[in-house]
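1. Could you work out the structure for the sequence below:
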Amino acid sequence: MAAPQLTVWIGTRKGAFAFSTKNRKTWSVDGPHFRGLEVNHVSQDPRQPKRLYAAVNSAWFGPHIHASTNGGKTWKLSEKGLDLKCVADQSVKRIWHIRAGHADEPGVVYAGADPGALFRSGDWGATWDEVASLTNHPTRAQWNPGAGGMCLHSIQCLGQGRMVVAISAAGTFRTSDGGATWSPHNGGVRADFLPNKLPEVGQCVHKLLAHPNDPEALYQQNHCGIYRGKLNGDRWTDISRGLPSRFGFGLAVPAAEPQTMFTVPIDSAEYRCNLEGKFRVARSRDGGKTWKLLSRGLPQRNAHLLVLREAMTSDELDPAGVYVGTSSGHVFYTRDAGDTWETMADSLPPVYSISVAAA
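-> Numbering: from 1, shown residues only. Next up is the predicted model:
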């Protein structure tokens, strides 16, 4: 099918860049937005496609959320309420992720923060309130920060009051009553760094996604493997077999294919670069039963690159486009579901996030 107008938003250590295209072949570039500031995430609101949210972090002034109603031409600060103290009197250190609420939640937006906090806005991001039912969860004493802090980095809004979030290092939590109550959802997920290898909470999730067309189907890239699960299931299935490494951060689940996922295997927690100096993307088209390493068009010599948790995504086209950025400022993409790859950028500031906004 012909590609519509797409904008790939790339959040970096020094601002956000917008790469726009009508054919996924040629790109126009705009930016940097938020010049010189860290942009952890830019997110489109599909209920109003010209509405965007940006998680911006300043070393001097702390975390902020900005909103745009014109596709990113102008931005307005919308931070009221984010200065609330979290549990144990900890202030917000960083906004990691922003997610528009489901279509059945008009005006609702969510933001995930360090220290392991979820914020909710009911007015399109103008004001925010902490979801205290999560930060005051009875298991909170067992949560611990990962290397990047105690970050709530994944939010999936699945409709009818159902939502699932992931926190490093606490695990996955789900609600079916709009966030009034939360329950851990970590059965079968390993935490090899803890004395109890299969705890109720304490797992270090690196990224969690639901399939865009099947909210029951969940996938996570974890510190200790990659897993497939069900929203209403009891246990996760380890699908790491066939990958050269169980460790990684990036994850993409294209809408166009029902059982396809992409990840970038990383050597280890100690050496956080791709293996053997070869940048390869792993693809499974059968829900993780088998994996194929994709390398056509990607650097295969002396390429010691790192992909962070928010720096991989996919579009909704068929064949799927997948986009992946590195901490060295490279951005690679495919427009044929991974068979071949092209370079979108090779000299940006360190890439923190990639998201796709469709016209």
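2. Would you list the phi and psi of the residue nearest to the spatial centre of the chain?
-> Among the residues of the chain, Glu310 comes closest to the average C-alpha position under C-alpha atoms, centre = their mean, at 4.0 Å. In terms of degrees, to the nearest 10, the main-chain angles of Glu310 are phi -100, psi 0.
3. Over to the closest residue to it other than its chain neighbours. Which of the three states is it?
-> What sits nearest to Glu310 in space, not counting adjacent residues and going by C-beta to C-beta, 6 or more residues apart in numbering, is Ser353, at 3.7 Å. For the C-beta atoms, the positions are set from N, CA and C on the backbone; glycine is no exception. Per DSSP: H, G, I helix; E, B strand; the rest coil, the secondary structure class of Ser353 is strand.
4. Roughly how far does Ser353 sit from Gln48?
-> As judged by C-beta to C-beta, to the nearest Å, Ser353 and Gln48 stand 21 Å apart.
5. Correct me if wrong: the residue nearest to Glu310 contacts Asn40.
-> Yes. Contact criterion C-beta atoms under 8 Å: Ser353 and Asn40 qualify, at 6.0 Å.
6. Overlap in contacts, these two.
-> Listed as contacting both Ser353 and Asn40 by C-beta atoms under 8 Å, 6 or more residues apart in numbering are 11, 310.
7. before we move on, the earlier item: of Ser353 and Gln48, give the one with the bigger neighbour count.
-> Taking other C-beta atoms under 10 Å, Ser353 and Gln48 do not tie; Ser353 has more neighbours (25 against 12).
8. does that one have beta-bridge partners, and which?
-> Beta-bridge partners recorded for Ser353 (DSSP bridges): Gly11, Glu310.
9. From His97, how far out is it?
-> 9 Å.
10. Mind listing the shared neighbours of those two?
-> Common neighbours of Ser353 and His97, using C-beta under 8 Å, 6+ apart, are 40-41, 310.
11. Just put those in TSV and tack on distance to Gly325 and pLDDT.
-> Shown next, in TSV, are those (distance: C-beta to C-beta, whole Å; pLDDT from 0 to 100):
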residue	distance to Gly325	pLDDT
Asn40	13	97
His41	12	98
Glu310	9	97
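12. out of those, who's nearest Gly149?
-> Asn40 (11.5 Å; C-beta to C-beta).
13. Show the backbone phi and psi for that closest one.
-> Dihedral angles (degrees, to the nearest 10) for Asn40: phi -80, psi -20.
14. and Gly71, what element?
-> Assigned by DSSP states H and E, Gly71 belongs to neither a helix nor a strand.
15. Tell me the confidence at it?
-> Looking at Gly71, its pLDDT is 96.
16. For it, grab the count of nearby residues.
-> Other residues lying near Gly71 total 17 when counted by other C-beta under 10 Å.
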